[in-house]
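In: Need a 3D model of the following:
(one chain, ligands or ions: 1)
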Amino acid sequence: MNLTFATKAVLEELTRMRLDGIEKVYIQDETLSCLKQLFDTEDQEEVSDEENPEIGLSKKLKSVSTISVEESSSPTKRKELPSNTPEDSCRLPQSPVFQLPEGTKESRWEWLREKVLECETCNAELNPNGKVVFGEGNLNADIFLCGEAPGAEEEIAGSPFVGPAGELLMKILSAMGLQREQVYIGNIVNWRPRHNLAYGNRPPSREEIDFCLPYLKAQLQIIEPKIVVALGKTATDGLMGHDPKRRLSHVRGNWHEVMGYPMMVTYHPSYLLHNPSKNSKRKVWEDFLLIMEKLGMTITEKQRGFFL
Ligand code: URA
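Out: A predicted model of the protein is given here:
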């Protein structure tokens, strides 16, 4: 396999995991040994360090068995990872300014939906076969779940959380005794951020978040939920305001407030897909138990004991 390509893919994945809140990555000895072999093979092909800077990494890898992603997320070290945001920042116009019309929840939601689906900027940002994705669900929901941005499946379907992360989110809801139709689901950004990466999704840039935020806030204004759930770092940054010092692990599991609504911060379902340990599942489940308690939902002993 092409070493540069493989290393780039690993770095992209590590960046993505860090943004999802993963703080440590454990590498099995077997994996390390495979990596060493791969680098050793390339070394033998007499590629100089200058031509291929990854060779330096091979030397470092020989002495490392646990990489702390938390360490690399300090502002100075962050720069060493590949940029995941579009190079031409300030591409987008000012965020939209509008006032919701008077009317019923349904009429206001329809008005907003149409506005977002016809939004010139949102449409200009789409991938070739992608659709603008607006929030959906029960307009009288107690719970407003806020994700990051559509992924590959969502941009094709035009609906939020219908891919693997969505399936996991539905399992969490089901464990609470709820169905998709009982909650409202929105995203901070209404399009799938374009990127040149080999695969996967790019987290939205600050500019993209700022542009779409009025649309998300207007949905909150219409739904008036009892509880908002920020799923992951992008949702948290969007709803709480950007703070480079904020660590998801410090703010999750606690109550915050957004626009006067109680807000629970938890990990994004894709974090669990990347990191399916019992411990991570339990953390997320404990956050949802707090939500159930706040809503006065009945919690069985069985539910209390999930992932213990
Ligand atoms: N991840 C999100 O944050 N939102 C979606 O709609 C799908 C995946």
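In: Spell out the residue ranges of the strands in the stretch 201-308 of the chain.
Out: 227-231, 255-258, 261-266 (DSSP state E, counting those that start in this stretch).
In: Need the winner for burial among those.
Out: strand 227-231 (a mean of 25; mean count of other C-beta atoms under 10 Å). (Glycine included, C-beta is placed from N, CA and C.)
In: Which strand residues bridge the residue of the chain at minimum distance from the ligand?
Out: As assessed by C-beta to the nearest ligand atom, the ligand sits closest to G147 within the chain, at 2.8 Å. Note on G147: beta-bridge partners by DSSP bridges are N187.
In: dump the residue contacts of it.
Out: Contact analysis of G147 by C-beta atoms under 8 Å, 6 or more residues apart in numbering lists 160-161, 165, 185-188, 231-232, 235, 268.
In: again, only this time at 10 Å
Out: By C-beta atoms under 10 Å, 6 or more residues apart in numbering, the residues touching G147 are 133, 135, 154, 160-161, 165-166, 169, 185-189, 229-232, 234-235, 268-270.
In: Local confidence estimate at the closest residue to L220 other than its chain neighbours?
Out: In space, and not counting its chain neighbours, L220 is closest to M259: 5.6 Å by C-beta to C-beta, 6 or more residues apart in numbering. What the model reports for M259 is a pLDDT of 98.
In: I'd say M259 and L213 touch.
Out: No: contact criterion C-beta atoms under 10 Å: M259 and L213 do not qualify, at 11.2 Å.
In: Comparing the two, which residue is more hemmed in?
Out: L213 (17 against 11; other C-beta atoms under 10 Å).
In: Quick check: that one touching N187?
Out: No: with contacts counted by C-beta under 10 Å, L213 stays clear of N187, the gap being 11.2 Å.
In: Now do the shared contacts for those two.
Out: Shared contacts of L213 and N187, counting by C-beta under 10 Å, 6+ apart, come down to G238.
In: Return the residues of this structure in contact with the ligand.
Out: Counting by C-beta under 6 Å from any ligand atom, the positions of the chain adjacent to the ligand are 147-151, 154, 160-161, 163, 165-166, 187.
In: from those, which ones fall inside strands?
Out: If you go by DSSP state E, the residues of the chain next to the ligand have 147, 187 in strands.
In: Please spell out the ChimeraX selection for the buried subset of the residues of the chain next to the ligand.
Out: Buried residues among the residues of the chain next to the ligand (16 or more other C-beta atoms under 10 Å), as a ChimeraX selection:
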select :147,148,149,150,151,154,160,161,163,165,166,187
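In: In terms of distance to L290, which of the residues of the chain next to the ligand ranks first?
Out: G147 (19.0 Å; C-beta to C-beta).
In: any idea how far that closest one is from G130?
Out: When distance is defined by C-beta to C-beta, to the nearest Å, G147 is 16 Å away from G130.
In: Quick check: K226 touching G260?
Out: No: using C-beta under 10 Å, K226 makes no contact with G260, being 11.4 Å away.
In: When the two are compared, which one has more neighbours?
Out: A direct count of neighbours by other C-beta under 10 Å for K226 and G260 places K226 higher, at 15 against 7.
In: The more buried one: what's it in contact with?
Out: Counting by C-beta under 10 Å, 6+ apart, K226 has contacts 141-144, 261-262, 291, 294-296.
In: Tell me the buried residues within those residues.
Out: Applying 16+ other C-beta under 10 Å to the contacts of K226 flags 141-144, 261-262, 291 as buried.
In: Which ones among the residues you listed map onto helices?
Out: Those of the buried ones among the contacts of K226 mapping onto helices are I291, per DSSP state H.
In: biggest separation within the buried ones among the contacts of K226, which pair?
Out: The widest separation within those (C-beta to C-beta) is 14.2 Å, between A141 and P262.
In: pLDDT below threshold where in the stretch 51-200 of the chain?
Out: Regions of the stretch 51-200 of the chain meeting the criterion pLDDT under 70 cover residues 51-89.
In: all helices in it, in order from the N-terminus.
Out: 54-61, 75-78, 105-117, 120-124, 152-157, 164-176 (DSSP state H, counting those that start in this stretch).
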